[in-house]
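> quick one, what's the 3D model for this:
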Amino acid sequence: MNKLIIALLLLAGIPVAAQEIGANFNHDPEIIDFSYLKKTPVEWIRTTPYVFQYINGAKNAATEPGLAKVIEAKKQGYKVAFGFRWDFRKFNLNIPVPGSAEEKKYFEVATSILDRLGAYIDIFKLGNEPNLETKEEDLQKNSEGIVPLVRFTERLLNEVVEPWYAKHTNVKRPDVYVGSLPRLFMKDEQQKPGVRGLIELAQNKKQIKGLSVHLHIADSVEMEDAFKFARSIMPAKPIIIPEYSLFRLYNKHNTDQLGDSPEGIAFAKKFGYAPEMKLYEWYSKANSEQVSAEEWKAMFDSRKWFPQHFMLTYYRYFQKYGVVLATYGYVSQDAPQHMRPDSPTWFINPIFPFKSLKTQADGVHTANPLWFDDFVTIVKKGSKK
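Predicted coordinates:
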């Protein structure tokens, strides 16, 4: 299977050894911090704003400071991966039918954002986690045999992206990717017509460069399963990974005790914690009071389940399955100060976990010792073409 994938990539003219690594700022471009971007050799930034904030009037495409940060990033020499997050499920909205007033309004807003940003985008993503952000009925075939999500995604390309770049002939059209699809290792997701249909759209439509996939996983088996499924439908076109983490692994261990092993007992004793303290309780302390990089690293080093140097493992899979770009969470966004057993643990990921680690003596935010060195290593590998 792996040799076949590599052969198909080579036949398609895709450079198998071009796995670039960049900085991901998720839905909040306003937090792009150029002083910290300069601390690593990244050449790409990725962001995917909530488009309904613009549709509902909470933000204005012409004046939003977050979009100005994207423009500034491009002017400073960074390459930009950009797209919208369509939160239909969050607002209990069905995907609009073609030609409806709702669709017209949505596409007008999307066009207004392109009016400001279109000249500064290198990759445009047609959606973000649509299998999570779309109502279930819109992921299924309707009475006409059409999947509303797939139709909407194709219309976004045909009615917004293509016309805008056709009109602005002095602007280079970005590469267009479909996605970004998470949880592709799950059988339930693989069977959804909306999921399969989007991958087929990426495979079959010549205007689409490839597929965008998210890899928030618990282990490398899930990563392999996700890639194999995507490649079973789209064997040769490029893949990008705008988000990746071990989020699902961390969450499994929220209720573990610090002292559940000899290493854990030693950690608790060294830093003055009760061995019975739960991990989510220690996370609360880190997020509310901040801890030193030494303590942060020592805690994860004491966990037998924590895979050291997993950033390098990710990179090997990116090479294996023809990933041309992956972007990783760069600075803190959500770090709950009062963690519960089921609270999310995204804050473990960032290269600069502003909200969890103490600043240095000069006030500079501390890099994440779990990831920083390996992140820089793979960024440098990806930039060597």
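> for the stretch 101-250 of the chain, give me the ranges with low pLDDT.
Residue ranges of the stretch 101-250 of the chain with pLDDT under 70: none are present.
> again, only this time at 90
Low-confidence segments of the stretch 101-250 of the chain, defined by pLDDT under 90: 179.
> now for the helix or strand hosting K269, which elements pack on it?
Remark: K269 resides in helix 262-271, with elements defined by DSSP states H and E. Contacts defined by 3 or more C-beta pairs under 8 Å, 6 or more residues apart in numbering; DSSP states H and E place helix 262-271 against helix 293-301. From N, CA and C alone the C-beta is placed, and that goes for glycine too.
> could you point out which element follows the helix it packs on?
Downstream of helix 293-301, the next assigned helix or strand under DSSP H and E is helix 310-320.
> list the buried residues for the helix ranked longest in the chain?
The longest helix of the chain (DSSP state H) is helix 101-117. Residues E103, Y106, F107, V109, A110, T111, I113, L114, R116, L117 are the ones in helix 101-117 that count as buried (16 or more other C-beta atoms under 10 Å).
> may I have the helix or strand following that helix exported as CSV, CA atoms only?
Later in the chain than helix 101-117, the nearest helix or strand by DSSP H and E is strand 123-126. Provided in CSV are the C-alpha atoms of strand 123-126 (Å, rounded to 0.1, in the frame of the first residue of the first chain):
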residue,chain,number,x,y,z
ILE,A,123,-3.8,28.1,0.0
PHE,A,124,-7.6,28.4,0.2
LYS,A,125,-9.5,25.7,2.2
LEU,A,126,-13.1,25.1,1.4
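> nearest to E72, out of the buried residues of helix 101-117: which one, please.
L117 (11.5 Å; C-beta to C-beta).
> any weak-confidence spans in the stretch 251-385 of the chain?
For the stretch 251-385 of the chain (pLDDT under 90), the answer is 333-334, 383-385.
> what is the neighbour count of F227?
25 (other C-beta atoms under 10 Å).
> helices of the stretch 201-350 of the chain, start to end?
For the stretch 201-350 of the chain, applying DSSP state H, counting those that start in this stretch gives helices covering 220-233, 247-252, 262-271, 279-289, 293-301, 310-320.
> list the neighbours of the fourth one that are in contact with it.
By that I understand helix 279-289. By C-beta atoms under 8 Å, 6 or more residues apart in numbering, the residues outside helix 279-289 that reach it are 253-258, 273, 291, 296, 299, 335-341, 343, 345, 347, 355-357.
> try the third one
In this structure, residues lying in contact with helix 262-271 by C-beta under 8 Å, 6+ apart are 257-259, 273-275, 277, 295, 298-299, 301-304.
> run the chain-centre distance for it.
Centre-to-centre, helix 262-271 and its host chain are 34 Å apart (C-alpha atoms, centre = their mean, to the nearest Å).
> how does the protein divide into domains?
Split into domains by automatic domain parsing, the chain comes to 2-253+307-330, 262-301.
> relative to the strand or helix carrying A81, what are the paired strands and their orientations?
Using DSSP H and E, the element containing A81 is strand 79-83. Strand pairing for strand 79-83, using DSSP bridges, gives strand 44-47 (parallel), strand 123-126 (parallel).
> okay, it in CSV with CA atoms only?
The C-alpha coordinates for strand 79-83 follow below in CSV (Å, rounded to 0.1, in the frame of the first residue of the first chain):
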residue,chain,number,x,y,z
LYS,A,79,2.9,32.1,3.1
VAL,A,80,-0.8,32.0,4.1
ALA,A,81,-3.2,29.0,4.3
PHE,A,82,-6.8,30.4,4.8
GLY,A,83,-10.4,29.3,4.8
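> that strand: which residues count as buried?
By 16+ other C-beta under 10 Å, the buried positions in strand 79-83 come out as K79, V80, A81, F82, G83.
> the residue nearest to A73 when sequence neighbours are not counted - how many residues pack around it?
Using C-beta to C-beta, 6 or more residues apart in numbering and skipping the chain neighbours, the partner closest in space to A73 is I45 (5.0 Å). Neighbour count for I45, taken as other C-beta under 10 Å: 26.
> contact partners for I123?
When contacts are counted by C-beta under 8 Å, 6+ apart, I123 touches K79, V80, A81, F82, P174, D175, V176, Y177, K209, I240, L325.
> chain center to stretch 245-258, what's the gap?
The chain centre lies 19 Å from the centre of stretch 245-258; the measure is C-alpha atoms, centre = their mean.
> quick check: end-to-end length of that stretch?
End-to-end distance of stretch 245-258 (C-alpha to C-alpha, to the nearest Å): 22 Å.
> hmm, who's touching that stretch?
215-219, 222, 264-265, 267-268, 273-280, 282-283, 299, 302-303, 305-307, 310, 328-329, 339, 341-346, 348-349.
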